[in-house]
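Novice: Below are the sequence and a predicted model for it; my questions follow.
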Amino acid sequence: MHKLNRAGRRGRLSSGPASRLALLPLAAAAALAAAQPVEVKFASSAPPTSPWAKQIDRTAAGVLEESKGALKITPFYNSQLGSENDAIAQISRGRIEMGSFTLSAIALQVPEVALLQLPLYFASTAQRDCVLDNHVAKYTHNALDRKNLKFIGWGEVGPVHLPGKKAYVTPADVRGIKVGVVTNKQNNEFWKAMGANPVPTAVAEVGSSMQTGLIDTYPTPYAFYLPSGLNKIAPFMVKLPLWDAAGVTVMNKGVWDKLPPDSRAAIERDRVKHPSALLRGEIRAVDTALTGAHKQAGGTVVETTPEQRAEWRKALGGFWGAMAKDLGADGEKFFALMEAGKKACEAAR
């Protein structure tokens, strides 16, 4: 280590006691800096009291523990970092590091994954889980990778039902109404096919939009319906479900690649401890529990009959195949994986 002496000539730093004492504050500062964890911002539209927030908090605590304090995940709930549509774009650009999103928002980056939420497509939740885990996960991982997004794992949003100030039981009931949606072509075209009017609605604005009449319904799971207070505005809940909504956790790929191997391993170890199957089970248990809680609070739950669900399927016509074809070669390739997966997962029904 060298410095300039008074004559401008290079000389060695003294190795005497005074010099060593002078270096102690620098060494302490360097040690302190090394001890500071890497902090990543985590975007979520979930209410802070929701079951998704509890899952995210658990992940943050688990990763901090697994990384021995080297990696700190800081969640921002209630769309504090922007709407889902904005936040997923910001992660792709590297302005936010990490987040969990509905599949509808992920579809803004990889449109074909929206096909996993084709209305009434899967015969059961078990069949759908089997397809996600065993037949389309690799494709989804690679497609997100091309968008500068690292696929961390599947989450769960839950069975999607129809809330309202009145019951919407059949396709005839939704004709002409305004339906709040996370904007993507599949959502828009489905509700248009049902004779309804899709209205782009940010998650954080659902309650106010329902109160002011900007929308009449917002397809949603119970895990959002009660914690958000939407049940007080729209006390009728029609259980179909239209589809089981998946979630996806992603990280900016550049951020992921720059993390030390131990920090990446900490995230992966936490996923092993808290796999997708666990997350799904927790959300589905909440759906069941909150159905009862809604009834006890004076809300109305309408269980649809097989005949009523058949009316929805009949109204769909050739919607599934048309949506895949409309998405071009990627859509048709992805739909073929889904169809093969459904057949292979027939036993899971």
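Specialist: Sure thing, it's come through. Numbers count the residues shown, from 1 in each chain.

Novice: surely Phe190 meets Leu120?
Specialist: No - contact between Phe190 and Leu120 fails when scored by CB atoms under 8 Å: they sit 10.4 Å apart. Bear in mind the C-beta positions are built from the backbone N, C-alpha and C, glycine included.

Novice: neighbour count winner among these two?
Specialist: Phe190 (23 against 17; other CB atoms under 10 Å).

Novice: can you map out the strands along the stretch 101-250 of the chain?
Specialist: 149-164, 178-181, 197-200, 236-252 (DSSP state E, counting those that start in this stretch).

Novice: Switch the ones you listed over to JSON lines; also include mean pLDDT and distance to Asn85.
Specialist: Below are these laid out as JSON lines (pLDDT from 0 to 100; distance: least, CB to CB, whole Å):
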{"stretch": "strand 149-164", "mean pLDDT": "96", "distance to Asn85": "14"}
{"stretch": "strand 178-181", "mean pLDDT": "96", "distance to Asn85": "11"}
{"stretch": "strand 197-200", "mean pLDDT": "96", "distance to Asn85": "9"}
{"stretch": "strand 236-252", "mean pLDDT": "94", "distance to Asn85": "14"}
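
Novice: For these, give me JSON lines that also has mean neighbour count and distance to Lys342.
Specialist: Formatted as JSON lines, those follow (neighbours: other CB atoms under 10 Å; distance: least, CB to CB, whole Å):
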{"stretch": "strand 149-164", "mean neighbour count": "23", "distance to Lys342": "17"}
{"stretch": "strand 178-181", "mean neighbour count": "22", "distance to Lys342": "25"}
{"stretch": "strand 197-200", "mean neighbour count": "18", "distance to Lys342": "27"}
{"stretch": "strand 236-252", "mean neighbour count": "22", "distance to Lys342": "14"}
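
Novice: Among those strands, which comes closest to Glu39?
Specialist: strand 236-252 (13.2 Å; CB to CB).

Novice: Figure out how far stretch 37-51 is from the centre of its chain.
Specialist: Here stretch 37-51 is found 11 Å from its chain centre; the criterion is CA atoms, centre = their mean, to the nearest Å.

Novice: Endpoints of that stretch, how far apart?
Specialist: From its first residue to its last, stretch 37-51 covers 27 Å (CA to CA, to the nearest Å).

Novice: Many thanks, we can stop here.
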